[in-house]
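Q: What follows is a predicted protein model with its sequence.
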Amino acid sequence: MKCGCWSSWDRGIPSRMTETILTRADEHVRARVASTNPALTANFSLGALALVRLLLQFTGISHYGFFRDELYYMACGQHLAWGYVDQPPLIAGAAWFSRHLFGDSIVSIRLLPAIAGAALVYLVGLLARELGGGHRAQLLAALAMLFAPLSLALSAFLSMNAFEPVFWLSCAWVVVRIVKGASPKLWLAFGVIAGLGLENKHTMFVFGVALVTGLCLSGEARRFRSKWIWMGALVALVLFLPNLIWEARHGWPQIVVVRNAQEFKNNAITPLRFLGEQILFLHPIALPIWLGGLCWLFATEEGRRFRFLGWTYVLALGIFMVFSGKSYYPFPAYPMLFAAGGVAFERFVERFNQKWLRIGYPALLVLAGIITVPFGVPVLPIHAFLRYSHAIPLARGVKTERDSTAALPQLYGDMIGWENTIEAVARVYHGLPDSERAGCAILAGNYGEAGAIDYYGPKLGLPKAISGHNSYYFWGPRGYSGDCVVLFGDGANDRKELFGDAQLVATVTNPLAMPAEQVVPIYVCHKPREPLAVMWPQFKVIL
């Protein structure tokens with residue numbers, strides 16, 4: 001009997017205990033899987049969209065030539081400093097880094113901006129998640145970012161604008177985390193990102209002002225009682241200080257550039273057109289997303305917790321409009337609205353049971369996005385693009401500068417003709433007598449032309465260029481006397497008067513290039529009115 005009872009306990013009780021333990025373990029595992037799988041699935045989906053964006057950028061990465069500013073940034077990368085006339089130092093460092101690590105090809109130079117564009121797509125989805133959005137919200141926000149025409153265009157070449165939205169969005173993500181209850185020590189991370197953002201482009205300061213004001217207007221002023229926010233501000237200042245000192249020592253040239261651009265270069269537009277171009281830049285089909293996101297931040301109980309993001313956008317937009325900024329300047333603020341708009345869309349579909357929108361609207365977004373891809377990524381040959389663009393005239397109507405009158409939009413017009421021009425200059429230079437060629441300077445009219453000499457010239461046996469445009473002016477005449485000068489490009493017809501003997505020896509035509517490069521005269525000049533070092537201030541152009 002005793003043995004029977006023991007046998008019963010031995011066979012029954014432990015079995016039930018084991019079953020109970022296994023059941024609870026299974027429930028625990030299921031709970032963990034349930035909590036992690038959505039995030040893992042969303043991460044995978046966002047990563048896939050980021051990869052699509054990267055591949056999309058690569059489809060047209062080398063179809064046209066270098067953009068004007070890319071040639072300039074590569075030249076700046078050969079003169080590393082804590083500042084330049086028209087930009088902070090980070091972009092020159094990026095050019096230097098790309099050339100030394102990846103090589104000198106156009107693909108190498110454009111790799112980092114392409115990666116930044118893919119990262120932006122992924123980060124928009126992450127911010128949507130932090131705002132409370134599920135899988136659908138994250139994907140829609142990332143999808144809208146993926147096909148935004150301006151985003152594609154800015155990631156198509158090396159520029160400060162390719163990295164700026166990543167800095168803004170990363171800072172916004174950190175602040176959302178803090179508002180949701182994360183450690184205030186994250187303000188240190190904010191400071192690092194903001195400081196690097198200032199070293200990339202000074203308009204990061206606009207984001208800072210708009211964000212601080214937005215926090216105050218949203219009832220988050222108590223955040224400024226924390227020592228960590230001030231320590232974060234100190235970190236940002238320390239990182240920005242080298243460029244700030246450089247600017248002060250050189251007479252604040254960035255301010256001069258901005259003023260001159262507003263007076264002589266930028267295309268003045270009405271506030272209504274400024275707002276209209278925001279819709280075109282982001283794609284008209286995406287308007288319900290970012291506008292819905294703005295409404296969700298201000299008008300819903302759930303969104304009001306993060307309404308400082310809405311204020312940040314509104315204030316940044318207002319600052320750029322009041323101070324006559326280019327219409328694409330507010331773009332870095334839109335990824336925040338895309339993230340909020342993804343959440344708003346998800347809530348709308350759930351509340352009103354609009355199941356058809358779950359597939360219908362994203363599909364429309366993809367289809368419409370594919371149609372406008374050629375305006376952001378040079379996937380079509382030039383003449384094919386010209387035919388294609390005439391079918392969508394609104395996409396060609398955006399002009400941010402007064403001389404943007406070429407057949408191609410400025411993005412592509414500034415990529416045309418550089419190599420042909422430099423080959424023509426090389427033929428003139430090598431046609432000079434040996435006695436003159438050794439001390440002959442090549443004087444370019446603007447930094448794009450000078451940068452093209454510095455990039456293409458070494459393979460053609462040309463010396464480094466000199467120019468009076470922006471940072472090239474500060475690099476000086478490189479010791480040339482001016483007794484022999486090959487003068488070409490923008491403003492050459494006026495500058496030849498500084499020489500007693502100026503012979504027009506060649507003319508290069510590029511009808512699809514920007515107006516300044518469509519007809520490029522090349523002069524061989526002798527008998528300078530004064531030594532080149534003395535005349536140098538007369539070549540100065542800060543614009």
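A: Yep, it's here. Numbering: from 1, shown residues only.
Q: Which secondary structure state is assigned to the residue nearest to residue 262 when sequence neighbours are not counted?
A: Once its chain neighbours are removed from consideration, residue 262 has its nearest residue in residue 324; the separation is 5.1 Å (Cβ to Cβ, 6 or more residues apart in numbering). C-beta here means a position set from N, CA and C on the backbone, and glycine is covered the same way. The local conformation at residue 324, judged by DSSP: H, G, I helix; E, B strand; the rest coil, is coil.
Q: okay, residue 324: pLDDT?
A: Residue 324 carries a pLDDT value of 87.
Q: With residue 331 instead?
A: Per-residue confidence at residue 331 stands at 97 (pLDDT).
Q: same thing with the one 4 residues further on?
A: With respect to pLDDT, residue 335 scores 98.
Q: just checking, it touches residue 127?
A: Yes: counting by Cβ atoms under 8 Å, residue 335 sits close enough to residue 127 to count as a contact (7.3 Å).
Q: who touches both of these two?
A: Overlap between the neighbourhoods of residue 335 and residue 127 consists of 169, 172, taking contacts as Cβ atoms under 8 Å, 6 or more residues apart in numbering.
Q: Give me the below-cutoff pLDDT ranges for the stretch 351-500 of the chain.
A: For the stretch 351-500 of the chain, applying pLDDT under 70 flags the ranges 393-406.
Q: What segments of it are helices?
A: Counting by DSSP state H, counting those that start in this stretch, residue ranges of the helices within the stretch 351-500 of the chain are 355-372, 382-389, 410-413, 418-430, 434-437, 447-456, 471-475, 492-495.
Q: Please report phi then psi for the nearest residue to residue 509 once chain neighbours are set aside.
A: Counting by Cβ to Cβ, 6+ apart, residue 519 is the residue found nearest to residue 509 once chain neighbours are left out, at 5.6 Å. Dihedral pair for residue 519: phi -130, psi 110, per degrees, to the nearest 10.
Q: ok, residue 519 - how many residues close by?
A: 13 (other Cβ atoms under 10 Å).
Q: Could you measure from it over to residue 489?
A: Remark: distance between residue 519 and residue 489 (Cβ to Cβ, to the nearest Å) = 10 Å.
Q: Residue 105 now?
A: Separation of residue 105 from residue 489 (Cβ to Cβ): 25 Å.
Q: who has more neighbours, these two?
A: Between residue 105 and residue 489, counted using other Cβ under 10 Å, the more crowded position is residue 489 (26 against 13).
Q: List the residues that contact that one.
A: With Cβ under 8 Å, 6+ apart as the criterion, the residues that contact residue 489 are 421, 444-446, 449, 516-517, 520-521.
Q: among those residues, which two are most distant?
A: With Cβ to Cβ as the measure, no two of the contacts of residue 489 lie farther apart than 446 and 521, at 13.7 Å.
Q: and the two? which has more neighbours close in?
A: In this comparison of residue 446 against residue 521, neighbours counted by other Cβ under 10 Å, the higher total goes to residue 446 at 22 against 18.
Q: Surely residue 203 touches residue 328?
A: No: between residue 203 and residue 328 there is no contact under Cβ under 8 Å: 11.0 Å.
Q: quick one: secondary structure of the spatially most central residue of the chain?
A: When the chain is reduced to its mean C-alpha position, the nearest residue by Cα atoms, centre = their mean turns out to be residue 162, at 1.8 Å. Under the three-state scheme (three-state DSSP), the conformation of residue 162 reads as helix.
Q: Number of residues surrounding the closest residue to it other than its chain neighbours?
A: Distances taken as Cβ to Cβ, 6+ apart place residue 113 nearest to residue 162, at 3.5 Å, with adjacent residues excluded. The number of residues packed near residue 113 is 24, by other Cβ under 10 Å.
Q: Residue 113 sits in which helix or strand?
A: For residue 113, the enclosing helix or strand under DSSP states H and E is helix 111-130.
Q: name the helices or strands packed onto that helix?
A: The elements that helix 111-130 packs onto, with contact taken as 3 or more Cβ pairs under 8 Å, 6 or more residues apart in numbering; DSSP states H and E, are helix 2-59, helix 90-101, helix 135-147, helix 149-154, helix 160-179, helix 334-352.
Q: one step back: can you pull the contacts of the residue nearest to residue 262?
A: When contacts are counted by Cβ under 8 Å, 6+ apart, residue 324 is found next to 262, 266, 268.
Q: Check residue 483 too.
A: Contacts of residue 483 were listed using Cβ under 8 Å, 6+ apart, and they are 439, 526-528.
Q: So how do I select the buried members of these in PyMOL?
A: The PyMOL selection below is limited to those of the contacts of residue 483 classed as buried (16 or more other Cβ atoms under 10 Å):
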select buried, resi 528
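Q: Mind putting the contacts of residue 483 into a markdown table with distance to residue 536 and secondary structure?
A: Below are the contacts of residue 483 laid out as a markdown table (distance: Cβ to Cβ, whole Å; DSSP: H, G, I helix; E, B strand; the rest coil):
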| residue | distance to residue 536 | secondary structure |
| --- | --- | --- |
| 439 | 17 | coil |
| 526 | 18 | strand |
| 527 | 17 | strand |
| 528 | 11 | strand |
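Q: Show me which pair in the contacts of residue 483 is furthest apart.
A: Between all members of the contacts of residue 483, the longest pairwise span (Cβ to Cβ) is found for 439 and 527 and amounts to 14.3 Å.
Q: Please indicate which of the contacts of residue 324 has the highest neighbour count?
A: By neighbour count, taken as other Cβ under 10 Å, the most surrounded of these turns out to be residue 266 (17 neighbours).
Q: Domain map for the protein?
A: Following automatic domain parsing, one finds the domains of the chain at 41-159+249-389, 418-539.
Q: Could I get the ones you listed in a markdown table, plus columns for distance to residue 231?
A: Written out in a markdown table, the entries for the domains of the chain read as follows (distance: least, Cβ to Cβ, whole Å):
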| stretch | distance to residue 231 |
| --- | --- |
| domain 41-159+249-389 | 20 |
| domain 418-539 | 34 |
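Q: So for residue 234, which of those sits nearest?
A: Relative to residue 234, the nearest member of the domains of the chain by Cβ to Cβ is domain 41-159+249-389, separated by 18.8 Å.
Q: Distance from that closest one to the middle of the chain?
A: Put simply, domain 41-159+249-389 sits 7 Å off its chain's centre (Cα atoms, centre = their mean, to the nearest Å).
Q: Can you get me the start-to-end distance on it?
A: 38 Å (Cα to Cα, to the nearest Å).
Q: just stretch 482-493 next, same as before
A: End-to-end distance of stretch 482-493: 17 Å, with Cα to Cα as the criterion.
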